[in-house]
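> My questions concern the predicted model and sequence given below.
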Amino acid sequence: MSRRFDFPGGITPPGRKARSTREPLREAPLPRRVVLPLAQHRGRPAEPCVTLGERVRTGQVIARPQGRVSAALHASISGTVNAIEPRPIPHPGDLTAPCLVIEGDGSDEWTLMPALDWRATDAEALHRRLAESGLVGLGGAGFPSQVKAGLGEHHAIDTLVVNAAECEPYISADDMTLRRHAAEVLEGARLLAHLLGAGRILVGIEDDKPEALAALNTAIAASESTPIIELKVIETRYPSGGENQLIRRLLGRQVPSGGLPADVGVVCHNPGTLRAALEAVRDGRPLVSRVVTLTGEALARPGNVVARLGTSLAELLDDAGLDRDRLARLVMGGPLMGQPLARLDLPLIKTANCLIAASAEELPAPPPPRPCIRCGDCEAACPVALAPQRLFAFAQADADDKARELALFDCIECGACDYVCPSHLPLVAQFRAAKDRLRHKDAEARRAERARHRYECRQARLEREAAEKEARRQARRQAASRPASQATPRGGADGQEAVKSLRIAQAAAKAALRKAERALARASDADEATLADLETQRATAEEHLKAAEARLEMAQTQGNGQDDAQSSTEERP
């Protein structure tokens, strides 16, 4: 593969996937109780729509999305809602968050949505179905899928990439999904390509998955001819599964700094998400379960299972033969980008693609960090061509703005720099902390800006109301003074200049409003905070325009009144 179709750096750690791929995909036991966090996705948490003591069925909506970037939540078992309260969630900080708790009755009665033929259903209904199903990205990012499915409305999307690289060690959920459900994954890809307007489907897979590759070849040979489905096998190298890295390896396109794959005409989805999208449309089945890899040396029966969301991690691991005496570390996700968990009584969430129950020998604690020796290994391994050692120095010194100037937010936190660092420096942890500080600083700046816009809107409104009141008062005065004998002097050149200036101000306010409306239309796929800022700017511009029009109207009313009074005086005998 030429360097033009490749990304810099990368590493080749041991795969450690064989233990979890020996046995076929299986169903996990139905849980007795589920704990369902209201925020299992990017964006705003869902809002509960059930009450305590209410009986629910599997697939029933129990929490509705709030805002554009949010996702619905469904009951993953049938039973009774017995709590809506904060509970511990999978998070490295051992946090709690609002959750719905359902006590199961064992019957597993389902509520399904009506089945749809996506080829014969209009796009609006398909988008609505994806939103109703609570579907989010199952590769770990958790972005609501209906938002990504709508990117074709504002971007020219020509290629849908099926991200089957699954490059991080231990994780094999997508591999096993493709071995068993390759045809359904490709059908889901056709569905999403249809919604995006993409005429090409490109499957990118690493060369360490021969069984999945064979299943894909068989499914492609038996599938329809349009849109075209291409299969590209790439050399195994971490982090090829990163969206930007995979796009560069497959298509030679460089996603701009701070941009999205849609900016270069591409949208990526992983196999699990595509199959879930097909099931939501074809079968009316919402997202209530997912494939999760259970692996690690502390498990006697590692493998991949289809588990209901909200299932206790302890139940899943016990079913896989957990030896608690050997368990030294529990990681959700992969060893490089995953989250260490401090307890077992946590629920399975939509973004949990892997659980590693590792022994002390398997994933030993890192040794104490030593001073940086400026070897440059981290820079050579970085897949984004950053300078990790310089970023680390700035992050340690809390010089976050300088780190931002060095493209800190381009870091994908893949952990390649940590892996190769001979000094065992916690590089990614420092980068993550610096990003959090900058995000907090930016959020404070946005809040201050919104407060300023609100103040300006209020001042503009008060000014407009005062101008309107003054215009009415002047009109009443002029009407009352018309029969008087004393002549009122004509407004003259000064009045005309004032009206001219106000007309210029009115035109400027109109231009500002049009600019704000265009910015809001272009940013329709931005995050909630950005949309709120742009909406506030539009409202401010609208208030300024109203104030300018009120002042102009007042000036014109005064001028007309003076002209009328002067004319009346001149016409007297």
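Okay, I see it. Numbers count the residues shown, from 1 in each chain.
> ok, the most centrally placed residue in the chain - contacts?
With distances taken as C-alpha atoms, centre = their mean, the residue of the chain nearest its centroid is F143 (3.9 Å). Taking C-beta atoms under 8 Å, 6 or more residues apart in numbering, we find F143 in contact with 41-42, 136-137. C-beta coordinates here come from the backbone N, C-alpha and C atoms, glycine included.
> what about the strands in the stretch 251-400 of the chain?
For the stretch 251-400 of the chain, applying DSSP state E, counting those that start in this stretch gives strands covering 266-269, 289-295, 303-308, 329-332, 339-341, 354-358.
> And those: which comes nearest I84?
strand 303-308 (18.9 Å; C-beta to C-beta).
> count of neighbours near the nearest residue to L196 once chain neighbours are set aside?
The shortest distance from L196 to any non-neighbouring residue, by C-beta to C-beta, 6 or more residues apart in numbering, is to G152 (4.0 Å). Neighbour count for G152, taken as other C-beta atoms under 10 Å: 21.
> G152 against A198, yeah?
Yes: look at G152 against A198 with C-beta atoms under 8 Å: they come within range, at 7.3 Å.
> what's the closest of the strands of the stretch 251-400 of the chain to V384?
Of these, nearest to V384 by C-beta to C-beta is strand 266-269, at 16.6 Å.
> Can you mark which positions in that closest one are buried?
266-269 (16 or more other C-beta atoms under 10 Å).
> can I get the residues you listed in TSV with distance to A173 and pLDDT?
Below are these laid out as TSV (distance: C-beta to C-beta, whole Å; pLDDT from 0 to 100):
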residue	distance to A173	pLDDT
V266	23	97
V267	21	96
C268	16	96
H269	14	96
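> Name the pair among these with the greatest separation in space.
Among the buried residues of strand 266-269, the pair separated by the greatest distance (C-beta to C-beta) is V266 and H269, at 10.7 Å.
> joint contacts of the two?
160-161.
> thinking again about what came up before, would a markdown table of the strands of the stretch 251-400 of the chain with distance to E549 be doable?
Putting the strands of the stretch 251-400 of the chain into a markdown table (distance: least, C-beta to C-beta, whole Å) gives the following:
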| stretch | distance to E549 |
| --- | --- |
| strand 266-269 | 44 |
| strand 289-295 | 56 |
| strand 303-308 | 59 |
| strand 329-332 | 57 |
| strand 339-341 | 55 |
| strand 354-358 | 60 |
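> for the ones you listed, which one sits closest to D94?
strand 339-341 (8.2 Å).
> Check which helices and strands the closest one sits against.
strand 329-332 (3 or more C-beta pairs under 8 Å, 6 or more residues apart in numbering; DSSP states H and E).
> Parallel or antiparallel, which strands does the strand it packs on pair with?
On the basis of DSSP bridges, the sheet neighbours of strand 329-332 come out as strand 339-341 (antiparallel), strand 354-358 (antiparallel).
> And the average pLDDT for the first one is what?
Right, the one you point to is strand 339-341. What strand 339-341 shows for mean pLDDT is 94.
> Buried ones in that strand, by neighbour count?
Buried residues in strand 339-341 (16+ other C-beta under 10 Å): 339, 341.
> What are the contacting residues of that strand?
Taking C-beta under 8 Å, 6+ apart as the rule, strand 339-341 contacts 90-92, 313, 329-333.
> Looking at strand pairing, list the partners for N304.
The partner residues for N304, given DSSP bridges, come to T293.
> For it, which residues are in contact?
Contact analysis of N304 by C-beta under 8 Å, 6+ apart lists 20-21, 23, 25-26, 172-173, 176, 291-294.
> Take stretch 51-58, keep the C-alpha atoms, and write them as CSV.
Extracted in CSV, the C-alpha atoms of stretch 51-58 (Å, rounded to 0.1, in the frame of the first residue of the first chain):
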residue,chain,number,x,y,z
THR,A,51,-43.7,5.7,36.6
LEU,A,52,-42.7,3.7,39.6
GLY,A,53,-44.6,0.4,39.8
GLU,A,54,-45.5,0.4,36.1
ARG,A,55,-45.3,-2.9,34.3
VAL,A,56,-43.3,-2.7,31.1
ARG,A,57,-42.6,-5.2,28.3
THR,A,58,-39.4,-5.8,26.4
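> Quick check: buried residues in it?
Buried residues in stretch 51-58, counting neighbours by 16+ other C-beta under 10 Å, are found at 56-58.
> Sitting in strands, which of those residues do you find?
Using DSSP state E, V56 are the members of the buried residues of stretch 51-58 that sit in strands.
> Return the member of the buried residues of stretch 51-58 nearest to I84.
Of all the buried residues of stretch 51-58, V56 has the smallest distance to I84: 12.2 Å, by C-beta to C-beta.
> residue contacts, the closest residue to that closest one other than its chain neighbours?
Spatial nearest neighbour of V56, excluding adjacent residues (C-beta to C-beta, 6+ apart): A75 at 4.3 Å. Counting by C-beta under 8 Å, 6+ apart, A75 touches 34, 36, 56-60, 62, 102, 288.
> Farthest-apart pair in these, please.
It's L36 and R57 that sit farthest apart of the contacts of A75, by C-beta to C-beta, at 14.3 Å.
> Run through the stretch 151-300 of the chain and note the low-pLDDT ranges.
For the stretch 151-300 of the chain, applying pLDDT under 70 flags the ranges 225.
> before we move on, back to that, which one of the buried residues of stretch 51-58 is nearest to A451?
V56 (41.5 Å).
> and that closest one, what are its bridge partners?
G79.
> buried set for stretch 438-455?
438, 450, 453.
> Mind checking which of the residues you listed are in helices?
438, 450, 453 (DSSP state H).
> Hmm, R404 and the first one touching each other?
Meaning L438. Yes: counting by C-beta under 8 Å, L438 does reach R404; the two are 6.0 Å apart.
> sorry, back to before: greatest separation within the contacts of strand 339-341: which pair is it?
Greatest spatial distance in the contacts of strand 339-341: H91 and R329, 15.6 Å, computed using C-beta to C-beta.
> possible to save the strands paired with strand 329-332 as CSV with distance to A508?
Below are the strands paired with strand 329-332 laid out as CSV (distance: least, C-beta to C-beta, whole Å):
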stretch, distance to A508
strand 339-341, 51
strand 354-358, 57
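> Between those strands, which one is closest to R237.
Taking C-beta to C-beta, strand 354-358 is the member of the strands paired with strand 329-332 nearest to R237, at 19.3 Å.
> ok and the closest one relative to strand 289-295, angle-wise?
Strand 354-358 and strand 289-295 meet at an angle of 20 degrees, taking axes from the mean of the first three to the mean of the last three C-alpha atoms, to 10 degrees as the criterion.
> List the buried residues in strand 354-358.
354-358.
> Could you list the residues in contact with it?
With C-beta under 8 Å, 6+ apart as the test, strand 354-358 has contacts from 170-171, 173, 292-299, 313, 316-317, 320, 322, 327-335, 338, 363.
> Could you rerun that using 7 Å?
170-171, 173, 292-299, 313, 316-317, 322, 327-335, 338 (C-beta atoms under 7 Å, 6 or more residues apart in numbering).
> what about dumping the CA coordinates of it to PDB?
C-alpha atoms of strand 354-358 as PDB (Å, rounded to 0.1, in the frame of the first residue of the first chain):
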ATOM      1  CA  CYS A 354     -15.700  -5.700  25.500                       C
ATOM      2  CA  LEU A 355     -15.100  -6.700  29.100                       C
ATOM      3  CA  ILE A 356     -11.500  -7.800  30.000                       C
ATOM      4  CA  ALA A 357     -11.200  -9.700  33.300                       C
ATOM      5  CA  ALA A 358      -7.400  -9.600  33.400                       C
END
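> So which elements touch the helix or strand harbouring D175?
For D175, the enclosing helix or strand under DSSP states H and E is helix 173-196. Contact partners of helix 173-196 among helices and strands, from 3 or more C-beta pairs under 7 Å, 6 or more residues apart in numbering; DSSP states H and E: helix 123-132, helix 145-149, strand 159-164, helix 210-222, helix 271-278, strand 289-295.
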